[in-house]
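*Asks:* Structure for this input, please:
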Amino acid sequence: MTEFRSHCAKYGGALAIVTAAIALRWLLIPWLEADVPYATLLGAIAIVVWMGGWGPALAGAIFGFVGTAFVIGRPLGVLPVDHVHAVVGISLYAVTCALIIVLGEALRRARDAYRRSQERFLQSQEAAIQGYALLRTLRDRSGKCVDFEFEYINPLGAAIRRSEPERVVGRRVTDVMPGACAAGLLDALGEVVQTGVPADIELADSSVSPAAWIRYLIVKVEDGLAVSFSDITQAKQLALELKQRAADLQRTNALKSLFLATLSHELRNPLAPIRNGLAIIKTRLPEDLGDIQAMMERQLRMATRLIDDLLDAARIDRGKLDLQRERVSIESVVNAGIETARPNIEGRSHELLVRHGPRPLYVDGDPIRLAQVVANLLNNAAKFTPSKGRIEIWVRAKGEHAIIRVRDNGLGIAHADLGSIFDMFVQLGSSETHSVAGLGLGLALARSFVTLHGGEITAHSAGLRKGSEFRIRLPLAEAPPQGGEEPEITPQAYTARRVLIVDDNVDAATSLATFLEYKGHSVRTCFDGATAFEAATHSPPEVAFVDLSMPEPDGVELARMIRQQPWGQSVKLVALTGLGSQTERERTGAAQFDERLTKPADPNDLLRAVATLRHPTSPTQTEVRPALAEKLSSPPSPCRIEHF
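*Replies:* Predicted coordinates for the structure are as follows:
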């Protein structure tokens, strides 16, 4: 019905316009008479086709022809045949009307298409999720761009400006966005107009309240600009918040690592006098109290191992763990690990079975760290295996890799825990392990050490109560040349020495002095570097144990002061430190220390350090390695070795 009414209106309007044209021509008869009868009608046809289309225009042309014929006085059928000019006039009228209708219809359709596209554009921009504006360039008399004027802005764009479209269109950018222009928007718009290169910028706009961050996408359109913009304040605030949180986490992580390193270092100080005291007590303890002394030594070793784990975790966390690589045999690594884990294995009466391959296997690695990996796996197996259990170690070659397998018949690992078993501070929640619970660092350190050696470690278990197995995979290295091994050093008889002990920890210094005095050495104790240097100047010692972490002058500076003296070239300097980093090794090496012991030092290492003197002609530094790195010729009991 609506469409029918529309057609009626079009045709009715066409007839009305044509009728008006005919009437106008009739009024012009006194001046024009019968000449150019269609003068007013052609204009009417053009108006009709533009307004109503070709259908109403065609109807109007026909109606106008007939009406004009009657009005002018020459109706159809009465025109003389010999009047050629009348026929020509009618033909010209028909052709002219056809041209007007065709051209007018084409223009009308182009106009309608343009209107539809404009409507779609406006609808899309009004529904857009970004602000959009068209800007006209304003130039001065010299042609220089001085400002821009809003020709169009969609509702969202106006809303971003805290305004409405009708209040923005026609105004200058500098008036609507003064804060953004001051922040660089006007310069960016001018550069795009000048160069034609699109721009993507983010600016803080202080001209709105509260201040907002806006992202602008600017494109040149003829001599103007199309600008798409969006409010990114929330995203910017979130990014800044995430950045701040990341910085806080990084700072917290650094503080945690520093705390762990400091804690490990500080905990070594009280352990040093305890270990020295135990060594002294051992010389006086009645035989019937030997078990108590052994128990105290086991607990001291456990505390030392926990501190070492904390320090290693801090080093790994900070990326400062150093490896002292050398060609090492897998057998020596396994034996050293067994020696370290032996107290835990024997304490729970486990059976240990070691199976080696048919030929020796070698890797390029740090023997201390690799032995620590094996020891951690053995301690873990002993911890989670009920008393009188069975632990097996398999060593074999597979392709270009050495495989070490540690298997037990203990509590096993739930499938849900296999993915997190190597994470730091993760412990299985079994109440059966509480008596030997640790920090949950052993497996995490094992994975880190193996990864640093270019290998991998994996955990396997059929489930709870079904035992577990850990597999280490390391790249193989070529066997060392025959006869290249260092000769075994035979133990030397201890000789009484003049010893100087320098440590600001009074208990550590006095306990170490008492222990060495019981062994027959002449000992002098100082608690600061200045007093120690003065004492050494008056009576040079043969051996000096120097703590590195003292107030000025610290241990390194004291060593330099001693080496600068003529008598200092013959003094054997042994560094006592609570850290074992590469920096510490470099510092002690630069100060010409002969050996370095990590607190709490093993009594046997202390005695070995005193047993040999320094050779001034070859002041090479050696490091006393802890018992973890000793290459044992045979594993301790209880274990059984099989070769296959």
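*Asks:* Now Leu99, what are its backbone angles?
*Replies:* Torsion angles at Leu99 (phi, psi; degrees, to the nearest 10) stand at phi -60, psi -40.
*Asks:* residues near it, how many?
*Replies:* For Leu99, the neighbour count with other C-beta atoms under 10 Å is 11. (C-beta placed from N, C-alpha, C; glycine too.)
*Asks:* now do Thr19
*Replies:* Around Thr19 there are 15 residues (other C-beta under 10 Å).
*Asks:* show me the contacts for it.
*Replies:* Gly67 (C-beta atoms under 8 Å, 6 or more residues apart in numbering).
*Asks:* what mean pLDDT would you report for the helix or strand encompassing it?
*Replies:* For Thr19, the element it lies in under DSSP states H and E is helix 2-27. The average pLDDT within helix 2-27 is 83.
*Asks:* Equivalent analysis for stretch 100-107, please.
*Replies:* The average pLDDT for stretch 100-107 rounds to 89.
*Asks:* May I see the buried residues of the helix holding Thr19?
*Replies:* By 16 or more other C-beta atoms under 10 Å, the buried positions in helix 2-27 come out as 10-11, 13-15, 17-18, 21-22, 25.
*Asks:* Out of these, flag the one nearest to Ala246.
*Replies:* Ala246 lies nearest to Lys10 out of the buried residues of helix 2-27, by C-beta to C-beta, at 69.0 Å.
*Asks:* what sits against that closest one?
*Replies:* 51-53, 55-56.
*Asks:* next one: His453
*Replies:* Contacts for His453 (C-beta under 8 Å, 6+ apart) come out as 323, 363, 365-366, 369-370, 474-475.
*Asks:* among those, which two are most distant?
*Replies:* Arg369 and Pro475 (14.9 Å).
*Asks:* Number of residues surrounding the closest residue to Val197 other than its chain neighbours?
*Replies:* Spatially, and ignoring its direct neighbours in sequence, Val197 is nearest to Glu191 (7.7 Å; C-beta to C-beta, 6 or more residues apart in numbering). When neighbours are counted by other C-beta under 10 Å, Glu191 registers 15.
*Asks:* same deal with the one 3 residues further on?
*Replies:* Counted by other C-beta under 10 Å, the residues lying close to Gln194 total 11.
*Asks:* And it, how far from Pro475?
*Replies:* Going from Gln194 to Pro475 by C-beta to C-beta, to the nearest Å gives 61 Å.
*Asks:* Quick check: Leu134 is in a strand.
*Replies:* Yes. Counting by DSSP: H, G, I helix; E, B strand; the rest coil, Leu134 is found in a strand.
*Asks:* Can you show me the strands along the stretch 1-150 of the chain?
*Replies:* Secondary structure of the stretch 1-150 of the chain (DSSP state E, counting those that start in this stretch): strands located at 131-139, 145-153.
*Asks:* Adding mean pLDDT as columns, could you present these in CSV?
*Replies:* Listed next are those as CSV, based on pLDDT from 0 to 100:
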stretch, mean pLDDT
strand 131-139, 89
strand 145-153, 91
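*Asks:* Which of the ones you listed sits closest to Ala513?
*Replies:* Of all the strands of the stretch 1-150 of the chain, strand 131-139 comes closest under C-beta to C-beta, at 80.9 Å.
*Asks:* how about the helices of the stretch 151-300 of the chain, start to end?
*Replies:* Ranges of helices in the stretch 151-300 of the chain, per DSSP state H, counting those that start in this stretch, are 155-160, 165-168, 173-176, 178-182, 185-195, 233-284, 290-318.
*Asks:* Compare the ones you listed and give me the one nearest Ala532.
*Replies:* The minimum distance between Ala532 and the helices of the stretch 151-300 of the chain falls on helix 233-284, with 17.3 Å, by C-beta to C-beta.
*Asks:* Now find how far off-centre the closest one is within its chain.
*Replies:* 22 Å (C-alpha atoms, centre = their mean, to the nearest Å).
*Asks:* and Asn269, how many residues sit next to it?
*Replies:* 18.
*Asks:* now it: how far from Ala508?
*Replies:* 6 Å.
*Asks:* next one: Pro155
*Replies:* Per C-beta to C-beta, Pro155 is found 78 Å from Ala508.
*Asks:* repeat for Trp394
*Replies:* Taken as C-beta to C-beta, the span from Trp394 to Ala508 is 43 Å.
*Asks:* ditto for Cys8
*Replies:* Taking C-beta to C-beta, one finds Cys8 at 113 Å from Ala508.
*Asks:* Lys572: which of the helices of the stretch 151-300 of the chain is closest?
*Replies:* So among the helices of the stretch 151-300 of the chain, helix 233-284 is nearest, using C-beta to C-beta, at 19.4 Å.
*Asks:* how would you label Gly419: helix, strand or coil?
*Replies:* When the rule is three-state DSSP, Gly419 gets the label coil.
*Asks:* hang on, Gly67 packs against Leu24?
*Replies:* No. Between Gly67 and Leu24 there is no contact under C-beta atoms under 8 Å: 11.8 Å.
*Asks:* Correct me if wrong: Ser332 contacts Gly365.
*Replies:* No. With contact defined as C-beta under 8 Å, Ser332 and Gly365 do not form a contacting pair (11.1 Å).
*Asks:* So which of these two has more stuff around it?
*Replies:* A count of neighbours by other C-beta under 10 Å puts Gly365 above the other of Ser332 and Gly365, at 27 against 19.
*Asks:* coming back round to it: which of Arg369 and Pro475 has more neighbours?
*Replies:* Arg369 (24 against 13).
*Asks:* Three-state assignment for the closest residue in space to the more buried one that isn't next to it in sequence, please.
*Replies:* Leaving aside its sequence neighbours, Arg369 sits nearest to Phe449 (C-beta to C-beta, 6+ apart; 4.5 Å). Under the three-state scheme (three-state DSSP), Phe449 adopts helix.
*Asks:* Let me see the contact set for Phe449.
*Replies:* Per C-beta under 8 Å, 6+ apart, neighbours of Phe449: 366, 369-370, 372-373.
*Asks:* now the helices for the stretch 1-150 of the chain?
*Replies:* Counting by DSSP H, counting those that start in this stretch, the helices of the stretch 1-150 of the chain are 2-27, 29-32, 39-52, 54-72, 84-126.
*Asks:* Tabulate the ones you listed (TSV), appending distance to Lys243.
*Replies:* Conversion of the helices of the stretch 1-150 of the chain to TSV gives the following (distance: least, C-beta to C-beta, whole Å):
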stretch	distance to Lys243
helix 2-27	60
helix 29-32	86
helix 39-52	62
helix 54-72	66
helix 84-126	34
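*Asks:* quick one: which of the ones you listed is nearest Arg161?
*Replies:* Closest among these, using C-beta to C-beta: helix 84-126, at 14.9 Å.
*Asks:* list the helices and strands the closest one packs on?
*Replies:* Applying 3 or more C-beta pairs under 8 Å, 6 or more residues apart in numbering; DSSP states H and E, we find helix 84-126 packed against helix 39-52, helix 54-72.
*Asks:* For the ones you listed, could you give me CSV that also reports mean neighbour count, distance to Ala199 and mean pLDDT?
*Replies:* As requested, the helices and strands packed on helix 84-126 are exported to CSV (neighbours: other C-beta atoms under 10 Å; distance: least, C-beta to C-beta, whole Å; pLDDT from 0 to 100):
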stretch, mean neighbour count, distance to Ala199, mean pLDDT
helix 39-52, 21, 43, 85
helix 54-72, 20, 48, 83
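*Asks:* Export those helices to TSV and append columns for distance to Ala601.
*Replies:* Output for the helices and strands packed on helix 84-126, formatted as TSV (distance: least, C-beta to C-beta, whole Å):
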stretch	distance to Ala601
helix 39-52	107
helix 54-72	109
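*Asks:* Name the SS class of Trp394, please.
*Replies:* strand.
*Asks:* residues in contact with it?
*Replies:* The contact partners of Trp394, taken as C-beta under 8 Å, 6+ apart, are 355, 403-405, 407.
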